[in-house]
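> Show me how the following folds:
(one chain, ligands or ions: 1)
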Amino acid sequence: MKPMSRLDDIPSTPGKFKMDKSPYFHRTRWQSSVAKLAFWSLVFLGLIFIFFYRSPSSNPASSDPSRRSLRTYSWGGPAWEKRVRSSARVRTRHGVSVLVTGASGFVGTHVSAALKRRGDGVLGLDNFNDYYDPSLKRARQALLERSGVFVVEGDINDAALLKKLFEVVPFTHVMHLAAQAGVRYAMENPSSYVHSNIAGFVNLLEVCKSANPQPAIVWASSSSVYGLNTRVPFSEKDRTDQPASLYAATKKAGEEIAHTYNHIYGLSLTGLRFFTVYGPWGRPDMAYFFFTRDILKGKAISIFEGANHGTVARDFTYIDDIVKGCLGALDTAEKSTGTGGKKRGAAQLRVFNLGNTSPVPVSDLVTILERLLKVKAKRNITKLPRNGDVQFTHANISSAQRELGYKPTTDLQTGLKKFARWYLGYYKGGKKASS
Ligand SMILES: O=C(O)[C@H]1O[C@H](OP(=O)(O)OP(=O)(O)OC[C@H]2O[C@@H](n3ccc(=O)[nH]c3=O)[C@H](O)[C@@H]2O)[C@H](O)[C@@H](O)[C@H]1O
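Predicted coordinates for the structure are as follows:
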């Protein structure tokens with residue numbers, strides 16, 4: 001049998017008039033087939049080009065050196081949008097739909113879970129950076145996933161992503177918890193604070209101001225804004241213009257930026273000054289957390305003291321109390337007043353202390369941990385380093401009590417007991433190292 005030529009490979013349509021196989025017809029059929037092939041190849045290449053050019057995941061950061069610190073994340077597409085919509089769907093009559101930034105962080109995870117439990121729509125956003133062990137963030141993400149909260153992987157500096165999220169879901173609220181935290185790390189990596197706490201916050205507000213409807217925003221400020229203030233307990237009316245660390249300065253800047261966006265665009269904004277939040281699923285960079293790890297390992301810990309052996313103390317606040325404060329702030333947040341980026345009237349602007357209003361010396365915290373872990377700590381008493389730490393914090397919470405119904409109920413002993421139980425379970429009795 002004569003082998004089939006390439007042209008013979010192209011099937012003829014059955015039942016149609018068959019052309020004469022003259023050499024002339026052979027040439028025309030061949031030419032038209034090549035033309036068809038070329039045409040479809042061009043269409044295919046064109047589609048690939050359009051897809052990559054317009055794809056939201058092709059982050060411009062890679063070509064812009066000033067934003068090189070942004071990682072590229074993959075997002076978008078019908079399946080992704082479906083997950084976003086489903087996670088943000090409100091399941092009760094008076095529920096709200098909340099975008100939680102920093103959702104795989106310590107406070108973010110607890111707040112997202114609490115909102116979901118009561119039937120609100122919740123969508124998380126987190127960049128999973130490696131400031132501390134990202135596997136802990138992944139474990140929190142898995143926890144949220146199981147309760148129906150989808151955490152989108154992305155950065156608050158990514159305007160295209162934020163716009164897309166608001167296109168897909170008309171969020172009524174934003175709980176903004178994504179930030180570069182930690183007082184001492186600000187001396188090591190100052191630009192990370194500017195990137196997240198200033199540039200990222202402004203980017204988020206820019207998108208919120210243009211969203212229709214504009215969401216109400218509740219966000220995390222910090223007790224550190226009180227800086228060198230010596231009046232105790234710290235009241236929202238006290239001076240906050242003497243920050244002792246760059247971290248504090250960026251949080252204070254956030255409060256001023258919030259004022260601007262409220263004033264110009266009518267965004268409803270509530271800042272919450274958190275006081276040394278602790279508890280299960282906490283942050284490994286915080287003292288109570290790494291003290292626990294080091295005590296269990298038999299490693300010495302440094303306990304800071306002020307000048308003339310002055311006590312260093314913190315108004316340690318348990319996570320469940322903080323969550324109640326966050327929900328109270330969301331529930332009492334009034335609507336933003338702007339539309340299409342224009343203010344239509346005065347909007348709410350608030351700031352609240354969320355503390356425990358019962359400071360405890362750091363040395364007492366260590367004594368509680370020793371009892372709970374049944375291990376004696378190797379204590380090194382050292383002078384409070386000049387790296388941004390302040391000697392004392394103490395919250396006046398009367399304003400949050402009055403306006404948000406905030407009432408902390410967990411003392412340090414009770415809260416640390418819950419933390420230690422979680423820690424020992426999560427790190428397999430302390431044998432698996434935490435970082
Ligand atoms: O309220 C806040 O706004 C901040 O709270 C938290 O900061 P801090 O109150 O400084 O907590 P944390 O580091 O746990 O130190 C606790 C105590 O241990 C002392 N401390 C610390 C380290 C050490 O080696 N020895 C020591 O004595 C230290 O001097 C301090 O007295 C958050 O990290 C921060 O992100 C921000 O949210």
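> just for the protein, where's the confidence low?
1-70, 430-435 (pLDDT under 70).
> Residue 253 contacts residue 198, correct?
Yes: between residue 253 and residue 198 there is a contact under CB atoms under 8 Å: 5.6 Å. C-beta coordinates here come from the backbone N, C-alpha and C atoms, glycine included.
> Contact residues of the stretch 301-435 of the chain facing the ligand?
Within the stretch 301-435 of the chain, the residues that sit near the ligand (CB under 6 Å from any ligand atom) are 302, 303, 304, 312, 314, 362, 389.
> In PyMOL, select just the buried ones from those.
In PyMOL syntax, the buried subset of those is picked out as below (16 or more other CB atoms under 10 Å):
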select buried, resi 303+304+312+314+362+389
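> Show me the strands in the stretch 151-300 of the chain, by range?
In chain order, the stretch 151-300 of the chain shows strands spanning 173-176, 216-222, 269-274, 277-278, 300-305, with DSSP state E, counting those that start in this stretch as the criterion.
> The fourth one vs the ligand: in contact?
Just to be clear, that refers to strand 277-278. No: for strand 277-278 and the ligand, the contact criterion (CB under 6 Å from any ligand atom) is not met; the two come no nearer than 6.5 Å.
> starting at the chain centroid, how far to that strand?
When distances are taken as CA atoms, centre = their mean, to the nearest Å, strand 277-278 is centred 16 Å away from the chain's centroid.
> Now do it: which elements does it pack against?
Using 3 or more CB pairs under 8 Å, 6 or more residues apart in numbering; DSSP states H and E, the elements in contact with strand 277-278 are strand 317-318, helix 319-332, helix 412-426.
> Buried deepest among the ones you listed, which one?
Per-residue neighbour counts averaged over each of the helices and strands packed on strand 277-278 give the maximum for strand 317-318, namely a mean of 26 (mean count of other CB atoms under 10 Å).
> Please name the bridge partners of the residue in the stretch 301-435 of the chain that the ligand sits nearest to.
For the stretch 301-435 of the chain, the residue positioned closest to the ligand under CB to the nearest ligand atom is residue 304, at a distance of 3.6 Å. Residues found in beta-bridge contact with residue 304 (criterion: DSSP bridges) are residue 382.
> which ones are touching the closest residue to the ligand within the stretch 51-200 of the chain?
Among the residues of the stretch 51-200 of the chain, residue 181 lies nearest to the ligand; the distance is 3.6 Å by CB to the nearest ligand atom. Contacts for residue 181 (CB atoms under 8 Å, 6 or more residues apart in numbering) come out as 105, 131, 247, 283, 285.
> Repeat that for residue 349.
When contacts are counted by CB under 8 Å, 6+ apart, residue 349 is found next to 258, 259, 262, 268, 269, 270.
> can you check residue 128 too?
If a contact means CB under 8 Å, 6+ apart, then residue 128 has 104, 134, 137, 138, 141, 153 as its contacts.
> Helix or strand for the nearest residue in space to the last one that is not next to it in sequence, just tell me which one.
The shortest distance from residue 153 to any residue that is not its chain neighbour, by CB to CB, 6 or more residues apart in numbering, is 5.0 Å, and that residue is residue 73. Element membership for residue 73 (DSSP states H and E) is empty, with no helix or strand holding it.
> now swap in residue 371 and tell me
If you go by DSSP H and E, residue 371 is part of helix 362-373.
> what does residue 403 give?
Remark: residue 403 resides in helix 398-404, with elements defined by DSSP H and E.
> Buried ones in that helix, by neighbour count?
Applying a neighbour-count criterion of 16+ other CB under 10 Å, the buried positions in helix 398-404 are 399, 400, 401, 404.
> So which bits of the stretch 101-250 of the chain are right by the ligand?
When proximity is defined by CB under 6 Å from any ligand atom, the stretch 101-250 of the chain lies next to the ligand at 181, 182, 183, 222, 223, 224.
> Setting aside sequence neighbours, what's the nearest residue to the fifth one?
By that I understand residue 223. For residue 223, ignoring the flanking residues on the chain, the nearest one in space by CB to CB, 6+ apart is residue 275 at 4.2 Å.
> ditto for the last one
Beyond its immediate neighbours in the sequence, the residue positioned closest to residue 224 (CB to CB, 6+ apart) is residue 248, lying 3.8 Å away.
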